[in-house]
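Colleague: predicted coordinates and the sequence they were generated for:
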Amino acid sequence: MQKNTYPATHYLHTCKISPSKSGCFSELIYIFAHVITINALLKMKQLCLLIGTAVLGILLVSCSAQKRVWYLQDAQPFTPEQIAENGQIRIKPLDRLTIVVNSKDPELAALFNLTRVQQRVGSTGLNNSNNNGEISGYTLDDKGAIDFPVLGNLTVAGMTRSQIAALVKQRLKEENLVNDPVVTVEFMNLSFSVLGEVKTPGKYSISKDYITLLEAISMAGDLTIYGKRDAIFVIREEKGERVTHWVDLRSCDLFKSPVYYLKQNDVVYVQPNKVRAGQSTLNENSVKSVGLWISIGSFLTSLGVLLFK
């Protein structure tokens with residue numbers, strides 16, 4: 001049987017009357033409306049398919065982008081992990097620190113404190129009390145020793161702040177110099193640097209006994225959206241060697257890295273992603289912009305064809 005391709009024309013031939021007659025003309029209008037409705041539904045179906053495909057693509061890209069920027073993706077909540085205890089800052093040769101000795105007898109304690117006297121305009125001599133000066137620091141020599149008042153040379157390289165304070169306190173007691181010493185040790189010139197794709201790159205001071213890589217990144221304002229979370233490099237100089245360590249912030253293996261706890265003079269570098277690297281040249285960036293506009297124009301053209309065809 002031959003397929004009826006033009007239902008409206010076939011209906012006119014069957015009725016054998018002109019469209020101006022009321023009966024067939026009304027049904028003819030109905031048939032035309034039905035055909036137009038079917039075509040509209042088909043276009044709407046195609047449009048919905050196009051929009052659905054675009055939305056699905058956006059969702060897939062969004063999920064992929066989230067996986068690239070999330071930290072510690074394999075972390076297990078409420079699962080205890082052993083914390084390393086060797087992350088404290090240890091003094092190295094050529095580092096500077098302050099050592100302050102206090103006692104119930106201030107004059108006795110003052111003998112063991114290095115004071116940089118600040119001369120005042122109009123003052124005569126150096127008869128000002130220690131309250132007019134500020135505590136000076138000790139610089140370790142290349143062998144890791146300092147020249148401490150009365151006690152002489154003390155080798156403190158490789159020690160933490162608390163260990164240095166305990167050593168000075170013990171020596172003062174053993175030699176009957178101070179019976180009730182209170183020793184305070186502070187860092188002076190210890191620092192680390194953060195470079196690359198962070199909000200505020202720069203050099204940061206170390207003021208406490210340990211500093212983690214995550215804390216360092218936080219102090220630098222966190223990574224920008226262009227920073228590669230899986231390409232963090234920590235450059236460390238130790239024992240006459242320079243070693244570059246690679247860290248992935250997306251993995252909990254970060255906590256097992258030998259550079260999770262930073263040391264003085266460490267350099268943290270965050271690599272840029274492909275988008276930032278592409279923006280480094282004007283021509284490539286312009287090409288990317290043209291390609292973006294071509295894609296948008298193509299989408300709008302397809303949308304217009306479906307709506308107005």
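Modeller: Perfect, I can see it now.
Colleague: Three-state assignment for residue 275, please.
Modeller: helix (DSSP: H, G, I helix; E, B strand; the rest coil).
Colleague: residue 301 belongs to a strand?
Modeller: No: counting by three-state DSSP, residue 301 falls outside a strand, being helix.
Colleague: burial count for it?
Modeller: Counted by other CB atoms under 10 Å, the residues lying close to residue 301 total 10. No exception for glycine: its C-beta is placed from N, CA and C like everyone else's.
Colleague: give me the element residue 108 is part of.
Modeller: According to DSSP states H and E, residue 108 maps onto helix 106-110.
Colleague: what residues sit buried inside that helix?
Modeller: Buried residues in helix 106-110, counted by 16 or more other CB atoms under 10 Å: residue 109.
Colleague: show residues contacting that helix.
Modeller: Applying CB atoms under 8 Å, 6 or more residues apart in numbering, the contact partners of helix 106-110 are 101, 102, 103, 130, 178, 181.
Colleague: cutoff 10 Å now
Modeller: The contact list for helix 106-110, computed with CB atoms under 10 Å, 6 or more residues apart in numbering, reads 100-103, 113, 129-131, 149, 172, 177-183.
Colleague: repeat for stretch 233-241
Modeller: Outside stretch 233-241, the residues touching it (CB under 10 Å, 6+ apart) are 92, 192-193, 195-196, 213, 216, 242-247, 257-260, 262-271.
Colleague: at 6 Å what do you get?
Modeller: Stretch 233-241 is contacted from outside by 243, 244, 245, 246, 259, 266, 267, 268, 269, using CB atoms under 6 Å, 6 or more residues apart in numbering.
Colleague: quick one, phi psi at residue 147?
Modeller: phi -100, psi 100 (degrees, to the nearest 10).
Colleague: enumerate every residue touching it.
Modeller: residue 153.
Colleague: how close does it sit to residue 114?
Modeller: Distance of residue 147 to residue 114, given as CB to CB, to the nearest Å: 10 Å.
Colleague: repeat that for residue 224.
Modeller: Taken as CB to CB, the span from residue 224 to residue 114 is 44 Å.
Colleague: adding pLDDT as columns, could you present the contacts of stretch 233-241 in a markdown table?
Modeller: Shown next, in a markdown table, are the contacts of stretch 233-241 (pLDDT from 0 to 100):
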| residue | pLDDT |
| --- | --- |
| 243 | 95 |
| 244 | 95 |
| 245 | 96 |
| 246 | 94 |
| 259 | 95 |
| 266 | 97 |
| 267 | 98 |
| 268 | 97 |
| 269 | 97 |
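Colleague: can I get the lengthiest strand in the chain in PDB, CA atoms only?
Modeller: Across the chain, the strand with the greatest residue count (assigned by DSSP state E) is strand 227-238. Extracted as PDB, the C-alpha positions of strand 227-238 are listed here (Å, rounded to 0.1, in the frame of the first residue of the first chain):
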ATOM      1  CA  GLY A 227      47.600  26.200  40.700                       C
ATOM      2  CA  LYS A 228      48.100  22.500  40.100                       C
ATOM      3  CA  ARG A 229      47.200  20.600  43.300                       C
ATOM      4  CA  ASP A 230      49.100  17.600  42.100                       C
ATOM      5  CA  ALA A 231      52.400  19.400  41.400                       C
ATOM      6  CA  ILE A 232      53.700  21.000  44.500                       C
ATOM      7  CA  PHE A 233      57.500  21.100  44.800                       C
ATOM      8  CA  VAL A 234      59.500  21.600  48.000                       C
ATOM      9  CA  ILE A 235      63.200  22.500  47.500                       C
ATOM     10  CA  ARG A 236      65.300  21.700  50.500                       C
ATOM     11  CA  GLU A 237      69.000  22.200  51.100                       C
ATOM     12  CA  GLU A 238      70.500  19.900  53.600                       C
END
